[in-house]
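Asker: build me a structure from this.
(2 chains)
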Amino acid sequence: MIDPRRFWRRHAADPGPTPDAETTQSLAARLDSASQQRLGRSLAICHVNAGSCGGCELELRALTGVLYDLERYGLRFVDSPRHADVLVTTGPLTRTLRTALEQAWDATPDPKWVVAVGDCAVDGGVFKGSYAVLAGTGSVVPVDLTISGCPPTPARLLAGLRALLEANAR
Amino acid sequence: MTAAAIIASAGAESCHPWPRHILTPTDWAAMAAFLVADPSLALVGLWADTTHVHALFLTEAEDLPLLASVPVEAGAYTALSPARPGAAWFERLIHDLWGHAATGGMDARPWLDHGLWPHSAPLSPRPVPPPAMAEPPDFLPPTEDGLFQLPIGPIIGCIDDAWHLRLTLRGETVERAEARLGYTHKGTLALMRGKPPRTAARFVARLGAEATVAHSLAFALATEAALAVAAPPRAATLRRMMGELERITVHLGDLALLGDAAGAPGVAATCGEQRELLARELEIAFGHRLMMDCVVPGGVAADVGPEGMRAVRRGVGRVVTALPGLRRLLESSACLTRLVGLGRVDRQMVHAFAAGGVAGRASGRRFDARQLRDERSVTAPIDTTGDAAARCRLQLVEIESSLRLLGRLLDTLPDGGTSVALPMLSGEGIGCAESARGDVWHWLRLDHGQIAAAFPRDPGWALWPLAEWAMQGAALEDVPAIQRSFGLTASGADL
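Answerer: Predicted coordinates:
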């Protein structure tokens, strides 16, 4: 039988000292100036497929591999638009995926950026004018950065995403 | 009387290299009835044009393609889905694109058309206005109370295609998996129509990036068969090399994803690294990391110089060196053990859906499209276990055999031209190529050098229904690994 009184016993440790108000204030001021520089260098990316053929996905996936190692730059892919700072869109935006893209954009917390990856996402690419597609990501949500190519190489993708990172940290 | 005999006795159109038999609606209905009890014909594809419905069969004994067509009367034709479950998706496709109804079909729900296009039946001569209200996708009703439904997609979260999977769960066990595709439908067939084959090849190359060489090759072979021209020997060898290189890169990419899903990050990292290093060499050799637009009707887009050949040799050599380590890693890590028994499909299911590639061969269906063409020497290894581990092992074996084949091709590359001009003629042709995921077929009819009708059959048509079956009874946490083991992609089947 466990003695129930042991749960009510006071903790043995002494109460801690109150932090010095002056030190806290000066530290907070220093952190404020440095945090944007240091901690601002991190962006969470969510990929939204808007009807791609799979080529841009292959190159985006290569970024997460050991040779490009995206995470060393503070960039990482997340599973949900709700956790994202950046939406990376691929594909010409099929009419069927329009609502999905709009919902993903709405679900992304502000401030947010949209990066259109690949010729299709920029303006519809080779599929421009088809009955089933709209003219790229920009026809539905505002696009901040376009990375062209069919598909863009991982190096090109990385350069584009790092530019976004630098601009964000400033 | 068998279904094959009915098809063979009907009059034939000149489709090259295999004739297309035109059946009367009565004969077609009789053939459909015979098919029920006749497993010797596998249904590879079913499609239409404005006047006819076409079916592509493969005789399972000799692997011979058999084409049958039926005129559409009063907007309808007799369904094949009661005899072949794989026909149901095709019948829904035919209804959505051409507006022909399948009489007696097993499933009449829309497929590609989600009610959001400017008009219904876009490929029919007279497209009709869409329904006033777009209805949400219609899923099978639950079989009993107390089951949960888990919707996944169309935005998956991880870097993937856009598709929707509706899992019905009893606790943690999958009772039923139902896939809904059509999200990445880009209207490729309408874009191809009326264009010369060289122009249309750009759309074909973008049907599915992981089978871009196979699609381009099957399309080029169909065009060349229709126009009775042949690619020069150097182009033919370069195409075969590209096909094998694509197989290696796609298998490496698939193994990387599978390693990730099966909790083997070492496998994922090694395979991903090898894939990337090979892709860099391919960019030097062919000008594109995925070899998109490199195979064109009439030959190849550009010759490969000595520098490019050195890059291919370097890339191949690097994979050869890495392979023993990769094999050890697969066997020593928990990866293969984790996959044993997952997503098992038996021989019967594979035949019912005419699934090819690694998925088909892991369950004992020997078909390899390369053997239909010039590569009789290719012996595709088969397995009969039919689970994810078998598919994983076969991928590794296929990488090895592709490397051996590449070694031979590199030593015997002939000199000469790499492309021939295409005459502006009429004709009909069919071609096939073996992609990493299975057999790709392209049929097309040319009218004075322009495409009058075409249809690509992507391996996804067989793999998705097979994966639906394989997920039944699986634990929810195993679903990603099962999905990765089939290499499911949506774009090729979404057109």
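Asker: output the below-cut-off pLDDT ranges for the stretch 51-200 of chain B.
Answerer: B:132-136 (pLDDT under 70).
Asker: all helices for it, in order.
Answerer: For the stretch 51-200 of chain B, the helices defined by DSSP state H, counting those that start in this stretch occupy B:87-98, B:188-192, B:197-205.
Asker: quick one: residues in contact with the second one.
Answerer: Read it as helix B:188-192. A:126-127, A:129-131, B:97, B:122-123, B:200, B:203-204, B:206-207, B:451, B:454-456, B:495 (CB atoms under 8 Å, 6 or more residues apart in numbering or on different chains). Where you see a C-beta, it was placed from the backbone N, CA and C, and this is true even at glycine.
Asker: to residue A:93, which of the helices of the stretch 51-200 of chain B lies closest?
Answerer: Among the helices of the stretch 51-200 of chain B, the nearest to residue A:93 by CB to CB is helix B:188-192 (15.3 Å).
Asker: number of residues surrounding the closest residue to residue B:220 other than its chain neighbours?
Answerer: Spatially, and ignoring its direct neighbours in sequence, residue B:220 is nearest to residue B:297 (4.5 Å; CB to CB, 6 or more residues apart in numbering or on different chains). Residues near residue B:297, counting by other CB atoms under 10 Å in any protein chain shown, number 27.
Asker: same check, this time on residue B:74
Answerer: Residue B:74 has 9 neighbours, counted by other CB under 10 Å.
Asker: how close does residue B:46 get to residue B:445?
Answerer: Going from residue B:46 to residue B:445 by CB to CB, to the nearest Å gives 17 Å.
Asker: ugh, typo on my part, it should be residue B:48
Answerer: Here residue B:48 is placed at a distance of 12 Å from residue B:445 (CB to CB).
Asker: same thing with residue A:118?
Answerer: As for residue A:118, its distance to residue B:445 is 32 Å (criterion: CB to CB).
Asker: now residue A:140
Answerer: The gap separating residue A:140 from residue B:445 is 37 Å, by CB to CB.
Asker: same deal with residue B:265?
Answerer: Shown here: residue B:265 relative to residue B:445, a distance of 49 Å by CB to CB.
Asker: more crowded one of those two?
Answerer: It is residue B:445, of residue B:265 and residue B:445, that has more neighbours when counted by other CB under 10 Å, with 19 against 13.
Asker: show the pLDDT at the more buried one.
Answerer: Confidence at residue B:445, expressed as pLDDT, is 93.
Asker: just the CA atoms of the helix or strand encompassing it, as CSV, please.
Answerer: If you go by DSSP states H and E, residue B:445 is part of strand B:438-447. What follows is strand B:438-447, C-alpha atoms only, in CSV (Å, rounded to 0.1, in the frame of the first residue of the first chain):
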residue,chain,number,x,y,z
GLY,B,438,5.2,-1.8,-66.3
ASP,B,439,4.2,-1.9,-70.0
VAL,B,440,3.3,1.4,-71.7
TRP,B,441,1.1,1.3,-74.8
HIS,B,442,0.4,4.0,-77.3
TRP,B,443,-2.1,3.8,-80.1
LEU,B,444,-2.7,6.5,-82.7
ARG,B,445,-4.3,7.2,-86.0
LEU,B,446,-2.7,9.7,-88.4
ASP,B,447,-4.6,11.7,-91.0
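Asker: what bridges to the nearest residue to residue B:20 once chain neighbours are set aside?
Answerer: Spatial nearest neighbour of residue B:20, excluding adjacent residues (CB to CB, 6+ apart): residue B:67 at 4.0 Å. Following DSSP bridges, residue B:67 is listed with bridge partners residue B:20, residue B:56.
Asker: show me what counts as buried in stretch B:168-183.
Answerer: Neighbour-count burial for stretch B:168-183 flags B:168-169, B:174-177, B:179-183 (criterion: 16 or more other CB atoms under 10 Å in any protein chain shown).
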